[in-house]
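In: Next input, structure requested:
(chains A and B)
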Amino acid sequence: MTTVAELPAFGPDPTPEDAPFWEAAAEDRLVLPRCRGCATFIWYPRSFCPQCHSPKGVEWVPASGRGTVYSFTVSHRGMGPYSEHAPYVVAYVELEEGPRVLTNIVGADLDTLGIGDPVTIVFQPAGQSKVPRFGPA
Amino acid sequence: MTIRGKAFIAGAFEHPGRELPDLSVSQIHAEVAAGALADAGLGFGDVDAYFCAGDAPGFGPLSMAEYLGLRCSYVDSTETGGSSYVVHAGHAAAIAEGKCQVALVTLAGKPRTGGAYPGAAGRMANAPESNFERWQGMPGAVGGYALAAQRHMYEFGTTSEQLAEIKVAASLHAQHNPDAFLRKAVTVEEVLDSPMVSSPLRRMDCCVVTDGGGAVVLVSPEVARDLPRRTAKVLGHGEAPKHTDNGRIDLTYSGAVWSGPRALDEAGVAVGDVDYASIYDSFTITVVETIEDLGFCAKGEGGRFVSDGALVAPYGKLPFNTDGGGLCNNHPANRGGMTKIIEAVRQLRGEAHPPVQVPDCEIALVHGTGGSLGTRMGSATLILGREDA
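Out: Take a look at the predicted model:
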């Protein structure tokens, strides 16, 4: 079982398009960009909607931080800063709001972890902000 | 404009080396270029079009055309990972448009003795998604494919034993190839006993890491007519990038669902007409999803399809990768698309290793995969026929 504090954390390099995400993460808040035209949640963050290309742009809205495991892999061979941390879990988590995001699952029993398992967000300090990882709900 | 019958593969050459510490990457490009041109009965002075991808040193075709001493009227450096060369063969439709007559495509690399291949990491550093995909510790390419495999198993009941059958078939072919990096035939049990790398994929679910390269030469019908060598006829081509679909990614299918039908339509053939298939096999799961998406079986049935020796040449349902493929033969520059074309040409010429030569091989399908599986992936399908097809 890997705890969140055990994983390497290197900070994002925020861009004008995703800075609001990282500003909120620094305060342990998950926000997602949503299209002002078609109300689709957008992932990864960008300043326009790749779904409907509405000229109305996007707004940032609070998200629940809850989701389920869409897929996962237990890596037995970490590379670079991860070389000392195997086994650890890389996963796609499907957020309640829709997007499937690449992340890590921490604090889970690797023998019983499964697709569909409910998970909830945990933030880990990384550089000037925090990165969103997920643990068992 | 259709490519059908407008371009012929006249030359194909695979570098026999698997560890090449004493050659530069440029030298390997030059050696495979010379090999493919000689195979076609042509020389460097005949080349008027050049295609290369991210494995080419320097400024792509600008650097390599100078290095090779080429004078070109047409160049293309489309970069879609390991599928690039299958894309390039399709873009040789420029021959049909009269832009060129003799097109050279090269691949070379030395990830085994030359250290890590920096190309993909460099390209991804400024990707718009990089802030959201670089801190999770993705264990190289295998991680993305493992995520796809896990989901495919969950949705369709695909098993590790079924994935292992793909490696077994490749190893049965590789034992006849003296150049293959891994020549030992393996069993399902041996695959399942190999160490877990990134669950559910084990070491033997992964392709080899080798130096080497390959090249093909595509020519116009007029040039083909005057060559002594048997050619392979280009019948159809399709390509399709697939992406994360605004975060609603579905890892259970690949871009082959689009590139396959396009290629088959252009060729005017059905999957049932395919005698031999070169299916990109970066990992065993790549083959399962690709076979489904090309229409060789229903979605979700790929695991069952590949069981019971279906892929074993020459008499399986779908003889595949008779050189041993990426799983056993080679994966030069961490990119297998080129070698997939070369083995298909061998099959159509009747020049595969005799124990794996498909009798009366008339139609071959080549499929290239690039990037990851089901996300940020390149797919390209090429249908080739015998010279008289």
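
In: Centre of the chain to the edge, which residue is at the far end?
Out: Since no chain was named, I'll use chain A. Most distant from the centre of chain A: A:P55, at 26.8 Å, with distances by C-alpha atoms, centre = their mean.

In: my bad, chain B
Out: B:N131 (30.2 Å).

In: Quick one: mean pLDDT for stretch B:189-199?
Out: The pLDDT scores in stretch B:189-199 average 98.

In: if you go through the stretch 151-300 of chain B in chain order, where are the strands?
Out: Here the stretch 151-300 of chain B has its strands, by DSSP state E, counting those that start in this stretch, at B:196-198, B:201-202, B:212-219, B:232-242, B:276-279.

In: for chain A, that is, sorry about that
Out: For chain A, applying DSSP state E gives strands covering A:31-35, A:58-62, A:66-75, A:88-95, A:100-105, A:118-126, A:129-136.

In: near chain A, which residues of the stretch 101-250 of chain B show up?
Out: B:128-140, B:142-143, B:146-148, B:150-151, B:154, B:195-201, B:244, B:246-249 (C-beta under 8 Å from any C-beta of the partner chain). Every C-beta, even on glycine, is put in place using the N, C-alpha and C of the backbone.

In: Spatially central, which residue of chain B would that be?
Out: B:G337 (2.1 Å).

In: can you tell me how far that residue sits from B:H353?
Out: Distance from B:G337 to B:H353, counting by C-beta to C-beta, to the nearest Å: 21 Å.

In: same deal with B:E31?
Out: 22 Å.

In: among the residues of the stretch 101-250 of chain B next to chain A, which ones are buried?
Out: Neighbour-count burial (16 or more other C-beta atoms under 10 Å in any protein chain shown) applied to these gives B:129, B:131-140, B:142-143, B:146-148, B:150-151, B:154, B:196-201, B:244, B:246-247, B:249.

In: Who are the contact partners of the residue farthest from the centre of chain B?
Out: By C-beta atoms under 8 Å, 6 or more residues apart in numbering or on different chains, the residues touching B:N131 are A:12-15, A:18, A:22, A:44.

In: Phi, psi for residue 14 please.
Out: No chain specified, so I'll use chain A. Phi and psi for A:P14, reported as degrees, to the nearest 10, are phi -60, psi 140.

In: wait, I meant chain B there
Out: Main-chain dihedrals, B:E14, degrees, to the nearest 10: phi -110, psi 130.

In: Do a quick rundown of the helices in the stretch 1-150 of chain B.
Out: All helices of the stretch 1-150 of chain B, identified by DSSP state H, counting those that start in this stretch, fall at B:25-40, B:61-68, B:84-91, B:119-124, B:141-156.

In: name the helices or strands packed onto the second one?
Out: Spelled out, that is helix B:61-68. Applying 3 or more C-beta pairs under 8 Å, 6 or more residues apart in numbering or on different chains; DSSP states H and E, we find helix B:61-68 packed against helix B:25-40, strand B:49-51, strand B:74-76.

In: Of the ones you listed, which stretch is the most buried?
Out: Mean neighbour count (mean count of other C-beta atoms under 10 Å in any protein chain shown) peaks for strand B:49-51 among these, with a mean of 28.

In: Quick one: list the elements packing against it.
Out: When contacts are defined as 3+ C-beta pairs under 8 Å, 6+ apart, strand B:49-51 packs onto helix B:61-68, strand B:74-76, helix B:84-91, strand B:102-109.

In: who touches it?
Out: Outside strand B:49-51, the residues touching it (C-beta under 8 Å, 6+ apart) are B:61, B:64-65, B:68, B:70, B:72-78, B:85, B:88, B:91-92, B:94-95, B:99-106.

In: That one pairs with which strands?
Out: Its sheet considered, strand B:49-51 pairs with strand B:74-76 (parallel), strand B:102-109 (parallel) by DSSP bridges.

In: Can I get the ones you listed in TSV including distance to B:M124 and mean pLDDT?
Out: TSV is the format used below for the strands paired with strand B:49-51 (distance: least, C-beta to C-beta, whole Å; pLDDT from 0 to 100):
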stretch	distance to B:M124	mean pLDDT
strand B:74-76	22	97
strand B:102-109	18	97
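
In: In JSON lines, list those along with distance to A:G80.
Out: Conversion of these to JSON lines gives the following (distance: least, C-beta to C-beta, whole Å):
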{"stretch": "strand B:74-76", "distance to A:G80": "33"}
{"stretch": "strand B:102-109", "distance to A:G80": "21"}
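
In: B:D46: which of the ones you listed is closest?
Out: Shortest distance between B:D46 and the strands paired with strand B:49-51, using C-beta to C-beta, is found for strand B:102-109: 4.8 Å.

In: which parts of the closest one are buried?
Out: B:102-109.

In: how far does it sit from the chain's center?
Out: Strand B:102-109 has its C-alpha centroid displaced from the chain centroid by 13 Å (C-alpha atoms, centre = their mean, to the nearest Å).

In: Contact partners for the nearest residue to B:I28 once chain neighbours are set aside?
Out: Spatial nearest neighbour of B:I28, excluding adjacent residues (C-beta to C-beta, 6 or more residues apart in numbering or on different chains): B:A108 at 3.6 Å. Contacts for B:A108 (C-beta under 8 Å, 6+ apart) come out as B:15, B:25-26, B:28-29, B:31-32, B:55-56, B:212-213, B:332-333.

In: distance of B:A108 from chain A?
Out: 24 Å (C-beta to the nearest C-beta, to the nearest Å).

In: Could you check how far that residue is from B:V274?
Out: Distance of B:A108 to B:V274, computed by C-beta to C-beta: 29 Å.

In: so of the strands of the stretch 151-300 of chain B, which one's packed in deepest?
Out: For the strands of the stretch 151-300 of chain B, the largest average neighbour count (mean count of other C-beta under 10 Å) is found in strand B:212-219, namely a mean of 31.

In: name the helices or strands packed onto it?
Out: If you count contacts as 3+ C-beta pairs under 8 Å, 6+ apart, strand B:212-219 packs onto strand B:8-14, helix B:25-40, helix B:84-91, strand B:102-109, helix B:337-349.

In: Can you pull the poorly scored residue ranges out of chain A?
Out: A:1, A:4-5 (pLDDT under 70).

In: for B:D265, what are its contacts?
Out: Each residue near B:D265 by C-beta under 8 Å, 6+ apart is listed here: B:236, B:238.

In: where's it relative to B:Y280, distance?
Out: The gap separating B:D265 from B:Y280 is 21 Å, by C-beta to C-beta.

In: Likewise for B:E362?
Out: Using C-beta to C-beta, B:E362 is found at 22 Å from B:Y280.

In: So which of these two has more stuff around it?
Out: B:Y280 (32 against 17; other C-beta atoms under 10 Å in any protein chain shown).

In: residues touching the more buried one, list them.
Out: For B:Y280, the contacting residues are B:82-83, B:286-287, B:290, B:326, B:336-337, B:340, B:367-369, by C-beta under 8 Å, 6+ apart.

In: Backbone torsions only: list them for it.
Out: Backbone torsions of B:Y280, given as degrees, to the nearest 10, read phi -50, psi 130.

In: now it: how far from chain A?
Out: Distance, B:Y280 to chain A, by C-beta to the nearest C-beta: 20 Å.

In: okay, that residue: pLDDT?
Out: Listed pLDDT for B:Y280 reads 98.

In: same thing with B:P118?
Out: Looking at B:P118, its pLDDT is 56.

In: will you turn the strands of the stretch 151-300 of chain B into TSV that also has distance to A:C35?
Out: Formatted as TSV, the strands of the stretch 151-300 of chain B follow (distance: least, C-beta to C-beta, whole Å):
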stretch	distance to A:C35
strand B:196-198	34
strand B:201-202	36
strand B:212-219	44
strand B:232-242	22
strand B:276-279	38
